[in-house]
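Engineer: give me a model of this one.
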Amino acid sequence: QVQLVESGGGFVQAGGSLRLSCAASGRFFRIYTRAWFRQAAGKEREFVAAISWNNGNVDYADSVKGRFTISRDNAKNTVYLQMNSLKPEDTAVYYCAGKEGSYRYAYTAYDAWGQGTQVTVSS
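Structural biologist: This next block holds a predicted model:
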C-alpha cells in the first residue's frame, strides 16, 4: 500500500504562486505514476497534471498549461506542483494521486490518494 501526504496549500491573491508537495511512502511507491487532481466546491474531481514513474513524461490539463509545472525528486520520494499565475478559478482542494503503470485522466484509475490540501485564490 502506498501512502501519499500533500502539503503546501494556502491562500494567495490572483497572479500569485504556490507550490504543492506530495511525499510518498510504502510498498511499491517507486513504480507509482503520480498525478494531481483538484475538486472545486460542487464540481467533479478533475485532472490537473501527471508525471510517469519510469520516464518522467508529464502531461497537463489545458486549463493549467503554461502556468503549472509538475516535477519530482526521487531522492525525497516527493512530487511537486508549482503553480504560477494563479487565477480565482484555480480555487479547489488539490489531491495527490498514484497508480501503477501509465497515467490516466480519470480519477477512478488511481488507487492511492492523499488527504487533499486547500488552495484559495482571491480576485
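Engineer: Pro30 belongs to a strand, doesn't it?
Structural biologist: That one is not Pro; residue 30 is Arg. No: counting by DSSP: H, G, I helix; E, B strand; the rest coil, Arg30 is not found in a strand; it is helix.
Engineer: just give me the neighbour total for it.
Structural biologist: Other residues lying near Arg30 total 11 when counted by other C-beta atoms under 10 Å. From N, CA and C alone the C-beta is placed, and that goes for glycine too.
Engineer: nearest residue to it in space, please, no chain neighbours.
Structural biologist: Excluding the flanking residues, the one nearest Arg30 by C-beta to C-beta, 6 or more residues apart in numbering is Trp53, at 7.0 Å.
Engineer: helix, strand or coil for the spatially closest residue to Leu81 that is not a sequence neighbour?
Structural biologist: Once flanking residues are discounted, Leu81 sits nearest to Leu20: 4.3 Å by C-beta to C-beta, 6+ apart. Per three-state DSSP, the local secondary structure of Leu20 is strand.
Engineer: what pLDDT is listed against the residue nearest to Ser122 when sequence neighbours are not counted?
Structural biologist: Leaving aside its sequence neighbours, Ser122 sits nearest to Gln13 (C-beta to C-beta, 6+ apart; 5.3 Å). For Gln13, the model assigns a pLDDT of 98.
Engineer: alright, I will stop here.
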